[in-house]
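Engineer: mind folding the following:
(4 chains)
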2 protein chains.
Amino acid sequence: MTVISEASVAPQRRRGAALEDAIHCAVLAELAEVGYAAFTIESVAARAKTGKASIYRRWPTKQDLVLDAFIARFGGPDEIVGELLTDTEAPTRDLLVRLATRICQVSDEGAEMIRAMACEATRDPELAAAVEQKVYRPKHAAFVELLRRGVERGEVRPEAVRGVYAEALPAMLTYRMILNNQPVTAAEAAEIVDCVVMPLIATN
Amino acid sequence: MTVISEASVAPQRRRGAALEDAIHCAVLAELAEVGYAAFTIESVAARAKTGKASIYRRWPTKQDLVLDAFIARFGGPDEIVGELLTDTEAPTRDLLVRLATRICQVSDEGAEMIRAMACEATRDPELAAAVEQKVYRPKHAAFVELLRRGVERGEVRPEAVRGVYAEALPAMLTYRMILNNQPVTAAEAAEIVDCVVMPLIATN
DNA sequence: GTGTTAGGGAACGCGAACGTCTCCTACGCT
DNA sequence: AGCGTAGGAGACGTTCGCGTTCCCTAACAC
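Structural biologist: Numbering: from 1, shown residues only, chains lettered A, B, ... in the order given. Take a look at the predicted model:
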(Lines give C-alpha, C1' and ligand atoms only; values in the text may rest on other atoms or scores of the structure.)
Protein backbone atom coordinates (compact mmCIF):
# COMPACT_ATOMS: atom_id res chain seq x y z
CA MET A 1 0.00 0.00 0.00
CA THR A 2 2.94 2.27 0.27
CA VAL A 3 2.82 4.77 -2.54
CA ILE A 4 6.22 6.30 -2.61
CA SER A 5 5.57 9.97 -3.09
CA GLU A 6 8.50 11.94 -4.35
CA ALA A 7 9.13 15.33 -2.88
CA SER A 8 8.02 17.29 -5.94
CA VAL A 9 8.35 20.87 -4.89
CA ALA A 10 6.73 22.28 -8.01
CA PRO A 11 3.26 23.53 -7.20
CA GLN A 12 0.71 20.91 -8.16
CA ARG A 13 -2.07 23.37 -8.25
CA ARG A 14 -1.66 26.60 -10.19
CA ARG A 15 -3.61 29.77 -9.72
CA GLY A 16 -4.29 33.09 -11.32
CA ALA A 17 -1.90 34.16 -14.01
CA ALA A 18 0.06 30.90 -14.06
CA LEU A 19 -3.10 28.96 -14.66
CA GLU A 20 -4.28 31.33 -17.34
CA ASP A 21 -0.97 31.04 -19.11
CA ALA A 22 -1.29 27.29 -19.11
CA ILE A 23 -4.80 27.54 -20.51
CA HIS A 24 -3.68 29.93 -23.22
CA CYS A 25 -0.96 27.49 -24.23
CA ALA A 26 -3.44 24.66 -24.26
CA VAL A 27 -5.76 26.65 -26.50
CA LEU A 28 -2.95 27.29 -28.93
CA ALA A 29 -1.87 23.66 -28.96
CA GLU A 30 -5.41 22.40 -29.30
CA LEU A 31 -6.17 24.71 -32.20
CA ALA A 32 -3.03 23.64 -33.97
CA GLU A 33 -3.78 19.99 -33.44
CA VAL A 34 -7.48 19.59 -34.13
CA GLY A 35 -8.51 22.93 -35.59
CA TYR A 36 -11.26 25.29 -34.63
CA ALA A 37 -14.14 23.15 -35.83
CA ALA A 38 -13.20 20.25 -33.56
CA PHE A 39 -12.03 22.49 -30.75
CA THR A 40 -13.70 21.74 -27.40
CA ILE A 41 -13.49 23.22 -23.95
CA GLU A 42 -13.14 19.78 -22.46
CA SER A 43 -10.02 19.04 -24.47
CA VAL A 44 -8.48 22.33 -23.49
CA ALA A 45 -9.17 21.64 -19.84
CA ALA A 46 -7.65 18.18 -20.10
CA ARG A 47 -4.62 19.46 -21.95
CA ALA A 48 -4.06 22.22 -19.42
CA LYS A 49 -4.65 19.73 -16.65
CA THR A 50 -7.36 21.79 -15.12
CA GLY A 51 -11.09 21.51 -14.62
CA LYS A 52 -13.71 22.79 -17.01
CA ALA A 53 -15.10 24.99 -14.28
CA SER A 54 -11.89 26.98 -14.07
CA ILE A 55 -12.29 27.82 -17.73
CA TYR A 56 -15.98 28.58 -17.64
CA ARG A 57 -15.36 30.79 -14.63
CA ARG A 58 -13.21 33.03 -16.80
CA TRP A 59 -14.54 32.83 -20.32
CA PRO A 60 -18.22 32.41 -21.08
CA THR A 61 -17.77 31.25 -24.67
CA LYS A 62 -15.39 29.52 -26.99
CA GLN A 63 -14.84 32.76 -28.90
CA ASP A 64 -13.92 34.68 -25.78
CA LEU A 65 -11.41 32.05 -24.82
CA VAL A 66 -9.76 31.88 -28.20
CA LEU A 67 -9.72 35.62 -28.68
CA ASP A 68 -8.20 36.13 -25.26
CA ALA A 69 -5.53 33.54 -25.90
CA PHE A 70 -4.75 35.23 -29.17
CA ILE A 71 -4.47 38.68 -27.66
CA ALA A 72 -2.41 37.36 -24.78
CA ARG A 73 0.12 35.84 -27.11
CA PHE A 74 0.24 38.17 -30.07
CA GLY A 75 -1.75 41.21 -29.05
CA GLY A 76 -0.79 44.54 -27.72
CA PRO A 77 0.17 47.25 -30.17
CA ASP A 78 3.36 47.99 -28.30
CA GLU A 79 5.36 44.97 -29.19
CA ILE A 80 5.63 45.65 -32.90
CA VAL A 81 5.17 49.37 -33.05
CA GLY A 82 7.50 49.98 -30.15
CA GLU A 83 10.28 47.86 -31.53
CA LEU A 84 10.23 49.58 -34.88
CA LEU A 85 9.70 53.10 -33.68
CA THR A 86 12.54 52.87 -31.22
CA ASP A 87 15.05 52.36 -33.96
CA THR A 88 15.53 55.62 -35.79
CA GLU A 89 18.78 54.65 -37.43
CA ALA A 90 18.15 51.59 -39.54
CA PRO A 91 17.15 52.14 -43.17
CA THR A 92 13.54 51.57 -44.12
CA ARG A 93 14.39 48.41 -45.95
CA ASP A 94 15.81 46.77 -42.84
CA LEU A 95 12.87 47.83 -40.74
CA LEU A 96 10.58 46.25 -43.30
CA VAL A 97 12.52 43.03 -43.17
CA ARG A 98 12.20 43.00 -39.41
CA LEU A 99 8.50 43.67 -39.65
CA ALA A 100 8.19 40.88 -42.19
CA THR A 101 10.02 38.52 -39.87
CA ARG A 102 7.68 39.41 -37.08
CA ILE A 103 4.63 38.86 -39.27
CA CYS A 104 6.00 35.48 -40.32
CA GLN A 105 6.57 34.50 -36.74
CA VAL A 106 3.07 35.42 -35.67
CA SER A 107 1.50 33.89 -38.77
CA ASP A 108 3.37 30.69 -38.19
CA GLU A 109 2.63 30.20 -34.53
CA GLY A 110 -0.87 31.56 -34.68
CA ALA A 111 -1.92 30.28 -38.09
CA GLU A 112 -4.82 28.23 -36.83
CA MET A 113 -5.96 31.00 -34.56
CA ILE A 114 -5.93 33.55 -37.33
CA ARG A 115 -7.91 31.27 -39.59
CA ALA A 116 -10.37 30.62 -36.80
CA MET A 117 -10.71 34.35 -36.20
CA ALA A 118 -11.32 35.02 -39.86
CA CYS A 119 -14.04 32.37 -39.87
CA GLU A 120 -15.81 33.58 -36.78
CA ALA A 121 -15.39 37.30 -37.29
CA THR A 122 -17.88 37.14 -40.14
CA ARG A 123 -20.66 36.31 -37.76
CA ASP A 124 -19.42 37.97 -34.60
CA PRO A 125 -19.12 41.75 -34.90
CA GLU A 126 -17.61 42.07 -31.43
CA LEU A 127 -14.88 39.63 -32.30
CA ALA A 128 -14.30 41.38 -35.60
CA ALA A 129 -14.01 44.71 -33.85
CA ALA A 130 -11.60 43.30 -31.28
CA VAL A 131 -9.35 41.79 -33.92
CA GLU A 132 -9.57 44.92 -36.01
CA GLN A 133 -8.58 47.09 -33.10
CA LYS A 134 -5.99 44.93 -31.40
CA VAL A 135 -4.32 43.30 -34.36
CA TYR A 136 -5.05 44.85 -37.70
CA ARG A 137 -4.98 48.52 -36.76
CA PRO A 138 -1.68 48.58 -34.86
CA LYS A 139 0.03 46.61 -37.57
CA HIS A 140 -1.32 48.90 -40.25
CA ALA A 141 -0.54 52.01 -38.23
CA ALA A 142 3.01 50.84 -37.60
CA PHE A 143 3.49 50.32 -41.27
CA VAL A 144 2.17 53.71 -42.25
CA GLU A 145 4.29 55.38 -39.60
CA LEU A 146 7.26 53.51 -40.93
CA LEU A 147 6.53 54.81 -44.41
CA ARG A 148 6.16 58.32 -43.08
CA ARG A 149 9.57 58.22 -41.46
CA GLY A 150 11.02 56.84 -44.64
CA VAL A 151 9.72 59.90 -46.44
CA GLU A 152 11.43 62.17 -43.91
CA ARG A 153 14.69 60.48 -44.61
CA GLY A 154 14.20 60.64 -48.33
CA GLU A 155 14.00 56.89 -48.76
CA VAL A 156 10.32 56.73 -49.54
CA ARG A 157 8.22 58.59 -52.08
CA PRO A 158 5.68 60.85 -50.38
CA GLU A 159 2.91 59.41 -52.55
CA ALA A 160 3.69 55.98 -51.16
CA VAL A 161 2.20 56.76 -47.76
CA ARG A 162 -1.06 55.03 -48.63
CA GLY A 163 -3.05 52.06 -47.45
CA VAL A 164 -2.45 50.01 -50.55
CA TYR A 165 1.28 50.03 -50.04
CA ALA A 166 1.03 49.35 -46.35
CA GLU A 167 -1.04 46.28 -47.08
CA ALA A 168 1.24 44.76 -49.66
CA LEU A 169 3.68 43.15 -47.26
CA PRO A 170 1.24 41.57 -44.81
CA ALA A 171 -0.99 40.58 -47.70
CA MET A 172 1.69 38.65 -49.54
CA LEU A 173 2.96 36.99 -46.40
CA THR A 174 -0.40 35.94 -45.05
CA TYR A 175 -1.64 34.89 -48.47
CA ARG A 176 0.98 32.19 -48.43
CA MET A 177 1.08 31.32 -44.79
CA ILE A 178 -2.52 31.60 -43.71
CA LEU A 179 -4.52 30.91 -46.85
CA ASN A 180 -2.30 28.47 -48.68
CA ASN A 181 -0.54 27.04 -45.68
CA GLN A 182 2.87 27.32 -47.29
CA PRO A 183 5.91 28.07 -45.18
CA VAL A 184 7.77 31.29 -45.90
CA THR A 185 11.50 31.32 -45.35
CA ALA A 186 13.47 34.35 -44.24
CA ALA A 187 14.92 34.56 -47.73
CA GLU A 188 11.48 34.64 -49.30
CA ALA A 189 10.33 37.30 -46.88
CA ALA A 190 13.35 39.38 -47.83
CA GLU A 191 12.59 38.73 -51.48
CA ILE A 192 9.12 40.13 -51.03
CA VAL A 193 10.53 43.22 -49.38
CA ASP A 194 13.19 43.74 -52.05
CA CYS A 195 11.26 42.77 -55.16
CA VAL A 196 7.81 44.02 -54.28
CA VAL A 197 7.61 46.48 -51.43
CA MET A 198 10.78 48.50 -51.87
CA PRO A 199 10.39 49.03 -55.63
CA LEU A 200 6.89 50.31 -54.97
CA ILE A 201 7.76 52.81 -52.30
CA ALA A 202 11.36 53.78 -52.89
CA THR A 203 12.35 57.15 -54.26
CA ASN A 204 13.35 57.06 -57.96
CA MET B 1 -61.73 16.67 -47.71
CA THR B 2 -61.10 18.01 -51.14
CA VAL B 3 -57.60 19.27 -51.36
CA ILE B 4 -57.55 21.31 -54.48
CA SER B 5 -54.31 20.34 -56.06
CA GLU B 6 -53.07 22.71 -58.66
CA ALA B 7 -51.56 21.24 -61.73
CA SER B 8 -48.03 22.05 -60.68
CA VAL B 9 -45.93 20.56 -63.38
CA ALA B 10 -42.69 21.28 -61.58
CA PRO B 11 -41.31 18.03 -60.23
CA GLN B 12 -41.79 17.74 -56.50
CA ARG B 13 -39.01 15.27 -56.22
CA ARG B 14 -35.72 16.11 -57.83
CA ARG B 15 -33.07 13.66 -58.96
CA GLY B 16 -29.52 13.50 -60.14
CA ALA B 17 -28.00 16.75 -61.24
CA ALA B 18 -30.95 18.91 -60.22
CA LEU B 19 -30.80 17.54 -56.71
CA GLU B 20 -27.07 17.95 -56.50
CA ASP B 21 -27.34 21.53 -57.61
CA ALA B 22 -29.85 22.20 -54.87
CA ILE B 23 -27.55 20.59 -52.32
CA HIS B 24 -24.60 22.61 -53.53
CA CYS B 25 -26.62 25.78 -53.12
CA ALA B 26 -27.70 24.71 -49.66
CA VAL B 27 -24.09 24.09 -48.68
CA LEU B 28 -23.12 27.55 -49.83
CA ALA B 29 -26.01 29.19 -48.02
CA GLU B 30 -25.43 27.21 -44.87
CA LEU B 31 -21.75 28.05 -44.78
CA ALA B 32 -22.50 31.72 -45.25
CA GLU B 33 -25.11 31.67 -42.53
CA VAL B 34 -23.65 29.61 -39.71
CA GLY B 35 -20.03 29.07 -40.77
CA TYR B 36 -18.03 25.92 -41.07
CA ALA B 37 -17.74 25.21 -37.37
CA ALA B 38 -21.51 25.04 -36.90
CA PHE B 39 -22.13 23.47 -40.28
CA THR B 40 -24.14 20.23 -40.12
CA ILE B 41 -25.32 17.72 -42.67
CA GLU B 42 -28.77 17.80 -41.16
CA SER B 43 -29.13 21.53 -41.74
CA VAL B 44 -27.99 21.19 -45.32
CA ALA B 45 -30.52 18.43 -45.92
CA ALA B 46 -33.30 20.49 -44.37
CA ARG B 47 -32.34 23.57 -46.37
CA ALA B 48 -32.19 21.63 -49.61
CA LYS B 49 -35.47 19.95 -48.67
CA THR B 50 -34.02 16.51 -49.02
CA GLY B 51 -33.14 13.61 -46.77
CA LYS B 52 -29.82 13.07 -45.09
CA ALA B 53 -29.51 9.74 -46.84
CA SER B 54 -29.44 11.40 -50.23
CA ILE B 55 -26.42 13.36 -49.10
CA TYR B 56 -24.60 10.50 -47.41
CA ARG B 57 -25.18 8.43 -50.51
CA ARG B 58 -23.04 10.86 -52.47
CA TRP B 59 -20.52 12.31 -50.07
CA PRO B 60 -19.01 10.31 -47.24
CA THR B 61 -17.75 13.28 -45.25
CA LYS B 62 -18.38 16.91 -44.57
CA GLN B 63 -15.12 17.82 -46.30
CA ASP B 64 -16.05 15.96 -49.46
CA LEU B 65 -19.36 17.70 -49.58
CA VAL B 66 -17.96 21.17 -49.12
CA LEU B 67 -15.07 20.62 -51.47
CA ASP B 68 -17.39 19.30 -54.16
CA ALA B 69 -19.75 22.23 -53.76
CA PHE B 70 -16.80 24.54 -54.06
CA ILE B 71 -15.43 22.91 -57.17
CA ALA B 72 -18.87 22.76 -58.73
CA ARG B 73 -19.36 26.48 -58.29
CA PHE B 74 -15.90 27.95 -58.72
CA GLY B 75 -13.75 25.14 -59.97
CA GLY B 76 -12.52 24.10 -63.33
CA PRO B 77 -9.38 25.73 -64.66
CA ASP B 78 -11.07 26.56 -67.94
CA GLU B 79 -13.31 29.33 -66.85
CA ILE B 80 -10.60 31.81 -65.93
CA VAL B 81 -7.72 30.62 -68.03
CA GLY B 82 -9.89 30.17 -71.09
CA GLU B 83 -11.42 33.58 -70.85
CA LEU B 84 -8.10 35.33 -70.57
CA LEU B 85 -6.19 33.25 -73.08
CA THR B 86 -8.85 33.70 -75.72
CA ASP B 87 -8.33 37.41 -75.81
CA THR B 88 -5.04 38.16 -77.48
CA GLU B 89 -5.82 41.79 -78.20
CA ALA B 90 -6.45 43.50 -74.88
CA PRO B 91 -3.47 45.07 -73.12
CA THR B 92 -2.06 43.27 -70.12
CA ARG B 93 -3.45 45.88 -67.79
CA ASP B 94 -7.01 45.24 -68.86
CA LEU B 95 -6.59 41.50 -68.61
CA LEU B 96 -5.33 41.97 -65.08
CA VAL B 97 -8.36 44.04 -64.19
CA ARG B 98 -10.60 41.33 -65.55
CA LEU B 99 -8.74 38.71 -63.57
CA ALA B 100 -9.02 40.87 -60.47
CA THR B 101 -12.74 41.22 -61.00
CA ARG B 102 -13.08 37.48 -61.26
CA ILE B 103 -11.07 36.91 -58.12
CA CYS B 104 -13.25 39.42 -56.29
CA GLN B 105 -16.38 37.70 -57.46
CA VAL B 106 -15.21 34.29 -56.32
CA SER B 107 -13.82 35.61 -53.05
CA ASP B 108 -17.06 37.35 -52.33
CA GLU B 109 -19.46 34.51 -53.05
CA GLY B 110 -17.21 31.82 -51.71
CA ALA B 111 -15.62 33.64 -48.80
CA GLU B 112 -16.85 31.26 -46.15
CA MET B 113 -15.93 28.26 -48.23
CA ILE B 114 -12.43 29.49 -48.82
CA ARG B 115 -11.95 30.17 -45.13
CA ALA B 116 -13.29 26.74 -44.32
CA MET B 117 -10.94 25.18 -46.85
CA ALA B 118 -7.97 27.02 -45.41
CA CYS B 119 -8.90 25.76 -41.95
CA GLU B 120 -9.37 22.16 -42.94
CA ALA B 121 -6.58 21.89 -45.46
CA THR B 122 -4.05 22.07 -42.65
CA ARG B 123 -5.14 18.72 -41.36
CA ASP B 124 -6.39 17.09 -44.52
CA PRO B 125 -3.65 16.58 -47.12
CA GLU B 126 -6.12 15.26 -49.68
CA LEU B 127 -8.22 18.36 -49.39
CA ALA B 128 -5.14 20.52 -49.57
CA ALA B 129 -4.00 18.74 -52.70
CA ALA B 130 -7.41 19.08 -54.30
CA VAL B 131 -7.59 22.80 -53.59
CA GLU B 132 -4.02 23.25 -54.70
CA GLN B 133 -4.66 21.47 -57.96
CA LYS B 134 -8.11 22.73 -58.82
CA VAL B 135 -7.97 26.26 -57.53
CA TYR B 136 -4.53 27.58 -56.75
CA ARG B 137 -2.56 26.08 -59.63
CA PRO B 138 -4.82 27.15 -62.48
CA LYS B 139 -5.07 30.66 -61.12
CA HIS B 140 -1.34 30.90 -60.70
CA ALA B 141 -0.66 29.35 -64.08
CA ALA B 142 -3.07 31.71 -65.77
CA PHE B 143 -1.31 34.64 -64.21
CA VAL B 144 2.13 33.49 -65.23
CA GLU B 145 0.94 32.82 -68.76
CA LEU B 146 -0.54 36.25 -68.81
CA LEU B 147 2.78 37.74 -67.77
CA ARG B 148 4.56 35.71 -70.41
CA ARG B 149 2.33 37.07 -73.14
CA GLY B 150 2.86 40.53 -71.80
CA VAL B 151 6.57 40.05 -72.29
CA GLU B 152 6.04 39.00 -75.90
CA ARG B 153 4.16 42.19 -76.55
CA GLY B 154 6.77 44.26 -74.80
CA GLU B 155 4.44 45.35 -72.03
CA VAL B 156 6.06 43.32 -69.29
CA ARG B 157 9.66 43.07 -68.17
CA PRO B 158 11.07 39.58 -68.80
CA GLU B 159 12.33 39.42 -65.21
CA ALA B 160 8.77 39.91 -63.99
CA VAL B 161 7.71 36.40 -64.98
CA ARG B 162 8.12 35.10 -61.45
CA GLY B 163 5.98 33.66 -58.74
CA VAL B 164 6.23 36.65 -56.45
CA TYR B 165 4.68 38.94 -59.01
CA ALA B 166 1.98 36.48 -59.92
CA GLU B 167 0.97 36.26 -56.30
CA ALA B 168 0.73 39.96 -55.62
CA LEU B 169 -2.72 40.48 -57.08
CA PRO B 170 -4.53 37.53 -55.51
CA ALA B 171 -2.68 38.13 -52.27
CA MET B 172 -3.81 41.71 -51.90
CA LEU B 173 -7.36 40.94 -52.89
CA THR B 174 -7.81 37.94 -50.65
CA TYR B 175 -6.00 39.59 -47.77
CA ARG B 176 -8.80 42.09 -47.64
CA MET B 177 -11.74 39.95 -48.60
CA ILE B 178 -10.98 36.62 -47.00
CA LEU B 179 -8.83 37.46 -44.01
CA ASN B 180 -10.17 40.85 -43.00
CA ASN B 181 -13.64 40.44 -44.39
CA GLN B 182 -13.60 43.85 -46.03
CA PRO B 183 -15.42 44.42 -49.31
CA VAL B 184 -13.34 45.41 -52.30
CA THR B 185 -14.92 47.65 -54.88
CA ALA B 186 -14.13 47.55 -58.56
CA ALA B 187 -12.30 50.85 -58.18
CA GLU B 188 -10.10 49.45 -55.45
CA ALA B 189 -9.34 46.38 -57.49
CA ALA B 190 -8.29 48.62 -60.35
CA GLU B 191 -6.21 50.67 -57.95
CA ILE B 192 -4.34 47.58 -56.90
CA VAL B 193 -3.67 46.71 -60.51
CA ASP B 194 -2.54 50.22 -61.41
CA CYS B 195 -0.64 51.17 -58.26
CA VAL B 196 0.87 47.85 -57.32
CA VAL B 197 0.90 45.21 -60.01
CA MET B 198 1.54 47.24 -63.14
CA PRO B 199 4.38 49.32 -61.69
CA LEU B 200 6.07 46.11 -60.64
CA ILE B 201 5.87 44.31 -63.93
CA ALA B 202 5.70 47.01 -66.59
CA THR B 203 8.62 47.79 -68.84
CA ASN B 204 10.51 50.95 -67.83
C1' DG C 1 -48.98 0.02 -67.31
C1' DT C 2 -45.35 -2.15 -64.88
C1' DG C 3 -41.04 -2.51 -62.68
C1' DT C 4 -36.95 -0.45 -61.02
C1' DT C 5 -34.59 3.13 -59.04
C1' DA C 6 -33.83 6.71 -56.04
C1' DG C 7 -35.72 10.61 -53.26
C1' DG C 8 -38.34 12.41 -48.91
C1' DG C 9 -38.99 11.94 -44.43
C1' DA C 10 -38.46 10.32 -40.03
C1' DA C 11 -37.16 7.17 -36.19
C1' DC C 12 -33.31 5.01 -34.17
C1' DG C 13 -29.29 4.22 -30.95
C1' DC C 14 -24.99 6.16 -30.21
C1' DG C 15 -21.41 9.07 -28.73
C1' DA C 16 -19.60 13.52 -27.71
C1' DA C 17 -19.68 18.07 -25.51
C1' DC C 18 -22.28 20.98 -23.35
C1' DG C 19 -22.73 23.74 -18.95
C1' DT C 20 -23.68 22.91 -14.01
C1' DC C 21 -22.66 21.20 -9.67
C1' DT C 22 -20.41 18.93 -5.86
C1' DC C 23 -16.58 17.27 -3.18
C1' DC C 24 -12.30 17.71 -1.53
C1' DT C 25 -7.92 19.54 -1.10
C1' DA C 26 -3.89 22.75 -2.09
C1' DC C 27 -2.66 27.24 -1.79
C1' DG C 28 -1.70 31.77 0.17
C1' DC C 29 -2.71 35.15 3.45
C1' DT C 30 -2.66 36.86 8.25
C1' DA D 1 -1.76 27.28 12.72
C1' DG D 2 -5.96 28.23 10.88
C1' DC D 3 -9.12 30.19 7.35
C1' DG D 4 -11.10 31.37 3.18
C1' DT D 5 -10.63 31.12 -1.55
C1' DA D 6 -9.95 28.88 -5.73
C1' DG D 7 -8.32 24.81 -8.34
C1' DG D 8 -8.63 19.63 -9.82
C1' DA D 9 -11.41 16.10 -10.82
C1' DG D 10 -15.30 14.18 -12.41
C1' DA D 11 -20.42 12.90 -12.15
C1' DC D 12 -24.63 14.52 -13.97
C1' DG D 13 -28.62 15.27 -17.13
C1' DT D 14 -29.27 17.31 -21.53
C1' DT D 15 -28.83 18.48 -26.08
C1' DC D 16 -27.26 17.78 -30.59
C1' DG D 17 -25.60 15.75 -34.65
C1' DC D 18 -23.96 11.57 -36.32
C1' DG D 19 -24.65 7.76 -39.63
C1' DT D 20 -28.00 3.98 -40.38
C1' DT D 21 -32.22 2.06 -41.46
C1' DC D 22 -36.89 1.88 -42.54
C1' DC D 23 -41.10 2.69 -45.37
C1' DC D 24 -43.50 4.80 -48.86
C1' DT D 25 -43.96 6.99 -53.11
C1' DA D 26 -42.52 9.96 -57.20
C1' DA D 27 -39.85 9.69 -61.22
C1' DC D 28 -38.12 7.52 -65.14
C1' DA D 29 -37.20 3.50 -68.53
C1' DC D 30 -39.20 0.17 -71.24
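
Engineer: when you work out contacts or count neighbours from here on, use the C-alpha atoms and nothing else.
Structural biologist: Fine.

Engineer: what does chain A have sitting close to chain B?
Structural biologist: Contact residues (C-alpha under 8 Å from any C-alpha of the partner chain) of chain A with chain B: A:34-38, A:112, A:115-116, A:118-123, A:164-165, A:167-168, A:171-172, A:174-176, A:178-181, A:192, A:196, A:199-200.

Engineer: in strands only, show me the residues you listed.
Structural biologist: The strands, defined by DSSP state E, take in nothing from these.

Engineer: filter those residues down to just the buried residues.
Structural biologist: When the residues of chain A next to chain B are checked for burial by 16 or more other C-alpha atoms under 10 Å in any protein chain shown, the buried set is A:35-37, A:112, A:115-116, A:118-122, A:164-165, A:167-168, A:171-172, A:174-176, A:178-181, A:192, A:196, A:200.

Engineer: mind listing what residue A:62 touches?
Structural biologist: Residue A:62 sits next to A:40-41 when contact means C-alpha atoms under 8 Å, 6 or more residues apart in numbering or on different chains.

Engineer: can you tell me how far it is from residue A:44?
Structural biologist: The gap separating residue A:62 from residue A:44 is 11 Å, by C-alpha to C-alpha, to the nearest Å.

Engineer: where does chain A have low pLDDT?
Structural biologist: Within chain A, the segments meeting pLDDT under 70 span A:1-11, A:76-81.

Engineer: point out the residues in it that sit beside DNA strand C.
Structural biologist: Selection of chain A residues close to DNA strand C by C-alpha under 7 Å from any atom of the strand yields A:10-15, A:38-43, A:52-53, A:56, A:61-62.

Engineer: hmm, back to that, in helices, which of the buried ones among the residues of chain A next to chain B appear?
Structural biologist: A:112, A:115-116, A:118-121, A:164-165, A:167-168, A:171-172, A:174, A:192, A:200 (DSSP state H).

Engineer: residue A:67 contacts residue A:127, doesn't it?
Structural biologist: Yes. At 7.5 Å, residue A:67 and residue A:127 qualify as touching, with contact defined as C-alpha atoms under 8 Å.

Engineer: okay, these two: which has more neighbours?
Structural biologist: Of the pair residue A:67 and residue A:127, residue A:67 is the one with more neighbours under other C-alpha atoms under 10 Å in any protein chain shown, namely 21 against 18.

Engineer: checking the more buried one next. Helix, strand or coil?
Structural biologist: Three-state assignment for residue A:67 (DSSP: H, G, I helix; E, B strand; the rest coil): helix.

Engineer: next, residue A:154: phi, psi?
Structural biologist: phi 80, psi 10 (degrees, to the nearest 10).

Engineer: wait, doesn't it sit right on residue A:203?
Structural biologist: Yes. Under the criterion of C-alpha under 8 Å, residue A:154 makes contact with residue A:203 at 7.1 Å.
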